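1. model this:
(one chain, ligands or ions: 1)
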Amino acid sequence: MESKAQLTFNGKTYDLPILEGTFGEKAIDISQLRSATGLITYDPGFMSTGSCSSAITFLDGEKGILLYRGIPIEQLAEKSNFIETSFLLIYGHLPTPKELEYFKYHITHHSMVHESIKNLYNGFPNNPHPMAVCSAVVGALATFYQDQLDVQDERDVEITIHRLLAKLPTIAAYSYKKSLGQPLPYPDNSLDYTSNFLKMMFATPCEPYEVDPLIAKVLDVLLILHADHEQNCSTSTVRLVGSSRCNLYASVSAAIYALWGPLHGGANQSVIEMLETIHQDGGDVQKYIKKAKDGDDSFRLMGFGHRVYKNFDPRSKIIKKMTHEILEKLGIHEPLLDIALELEEIALSDEYFIEKKLYPNVDFYSGVIYKALNIPVNMFTVMFAMGRLPGWIAQWKEYQTDPQFKIGRPRQIYNGLDTRDYVPLENRK
Ligand code: SDX
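-> Residues are numbered from 1 along each chain as shown. All right, here's what the predicted structure looks like:
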């Protein structure tokens, strides 16, 4: 493999170094391109552009491989748990028993939010979208810890990590309880992470509530599967906002908003809404496949396609299997699953989807499971955010200590008007 590329421009040839990682992409290092040639590169949507080097997550879109710190997602889903996986992503190694105990203790004992936070919920209109609430409240956390926001102080960063992981489930559950007009519950420190979340979501002060361990386990695996995914839209957001040395609360708040979009994490809500529409429309799957293929129709098969995966999304394979298992164990017949399976079967044998390499992504089946767990549809993307939180934290933290750290400030090609003079108001027609 050549260690350089050559660019010839205006009769001059320039050597550009080639960067290689452990495996995967190989890159042309263009960091000195403009100073050497006066040229910039142009790549809307970053189709061919690497923004950083990272040791956190590796994915191979052609082979459908996903590794967190080198460990295959399939092994973590089977053998690990969300808190341990969060530690792995953030600190780079599987925790020792002592490290895990310390991490778990601090996450458990930061799960309450300041009582004043509850006033924020009273300020929202009825039934606000929980993604807007979660992003706003996470951002507001920065006002409660103003003396511990130094992004270059290890202790400040550590306690912020504990607070975010501990409080997001509480903040998320509050957004749901508020929409029901029910009292905002307190976390239960005797429960594990997902059991505590489920109890805050579904318990009421009027009667005892037992968490179903099967549901807690399924939720834990779903959080693991969503925990990180290298430089996706919301993770690139958390890095870019953090590149101004902005605190982690604000950077995560921005990432939650980025995830909300229907082309990104918001797709899990759009998938269920799409399946419901098809179901209401008599289950006519072919009609919607046709619409998805029609270039003049803005309809897209939500939950299909991916910027990187041009083969199966390994997460989707695991979630699809879990969906069948959980529905069978809970004795649920879900017509939307039948529609999803039919959609997948037809799409995967259709020339359009084959040619464009469109496969089910992580969002295609996750909504069916969340529905079976009685998670309300408008909370699906909040579940994605809860899962992705350790990934955002890990990526933000990695960039803060990156030897090549710089504030992110892309250039542009200007295609506006040439220089012209101001026209006084009286001379404008
Ligand atoms: C996530 O990046 C990540 O890692 C994201 C994520 C993570 O874990 O962080 O994996 C999570 O966001 C998964 C994606 C969820 N989004 C959806 O399911 C929405 C539906 N999918 C698409 O809109 C689309 O596939 C994207 C946004 C996911 C990817 O967009 P790209 O890479 O920019 O590809 P594209 O939109 O340019 O599509 C390429 C072609 C286009 O046709 P042409 O313009 O070439 O003719 O494929 C077509 C698209 O029209 N196409 C689809 C389609 N997705 C792409 N056609 C029909 N249905 C679809 N779902």
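2. every contact and neighbour count from this point should use C-alpha atoms.
-> Will do.
3. what residues does this structure put near the ligand?
-> 229, 232-233, 263-265, 267, 292-293, 300-307, 356, 361, 363 (Cα under 6 Å from any ligand atom).
4. now for the biggest strand by length in the chain, which elements pack on it?
-> If you go by DSSP state E, the chain has its longest strand at strand 12-20. Applying 3 or more Cα pairs under 8 Å, 6 or more residues apart in numbering; DSSP states H and E, one finds that strand 12-20 makes contact with strand 4-9, strand 26-28.
5. which strands and helices lie in contact with the lengthiest helix in the chain?
-> If you go by DSSP state H, the chain has its longest helix at helix 154-180. Secondary-structure packing of helix 154-180 (3+ Cα pairs under 8 Å, 6+ apart): helix 97-108, helix 130-144, helix 193-202, helix 248-260, helix 380-400.
6. and these as a markdown table, adding distance to Asp338 and mean pLDDT?
-> A markdown table is the format used below for the helices and strands packed on helix 154-180 (distance: least, Cα to Cα, whole Å; pLDDT from 0 to 100):
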| stretch | distance to Asp338 | mean pLDDT |
| --- | --- | --- |
| helix 97-108 | 39 | 98 |
| helix 130-144 | 28 | 98 |
| helix 193-202 | 27 | 98 |
| helix 248-260 | 26 | 98 |
| helix 380-400 | 20 | 98 |
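7. let me have the ones you listed in TSV, extended by mean neighbour count and distance to Leu89.
-> Compiled in TSV, those are given as follows (neighbours: other Cα atoms under 10 Å; distance: least, Cα to Cα, whole Å):
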stretch	mean neighbour count	distance to Leu89
helix 97-108	15	13
helix 130-144	19	21
helix 193-202	22	17
helix 248-260	24	16
helix 380-400	25	6
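8. which stretch among these comes nearest Asn81?
-> Closest approach to Asn81 among the helices and strands packed on helix 154-180 is made by helix 193-202 (9.7 Å; Cα to Cα).
9. by contact count, what packs against that closest one?
-> Where contact means 3+ Cα pairs under 8 Å, 6+ apart, helix 193-202 is packed against helix 154-180, helix 213-225.
10. output stretch 27-41 as CSV, nothing but the C-alphas.
-> Taking C-alpha atoms only, stretch 27-41 is exported to CSV below (Å, rounded to 0.1, in the frame of the first residue of the first chain):
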residue,chain,number,x,y,z
ALA,A,27,-7.4,8.3,4.3
ILE,A,28,-5.6,11.0,2.5
ASP,A,29,-4.4,13.5,5.1
ILE,A,30,-5.5,16.9,3.6
SER,A,31,-4.8,18.9,6.8
GLN,A,32,-2.1,20.9,5.0
LEU,A,33,-3.8,20.9,1.6
ARG,A,34,-4.9,24.6,1.6
SER,A,35,-1.6,25.9,2.9
ALA,A,36,0.3,23.9,0.3
THR,A,37,-2.0,24.3,-2.8
GLY,A,38,-4.6,27.0,-1.9
LEU,A,39,-7.3,24.4,-2.5
ILE,A,40,-10.0,23.1,-0.1
THR,A,41,-12.0,19.9,-0.5
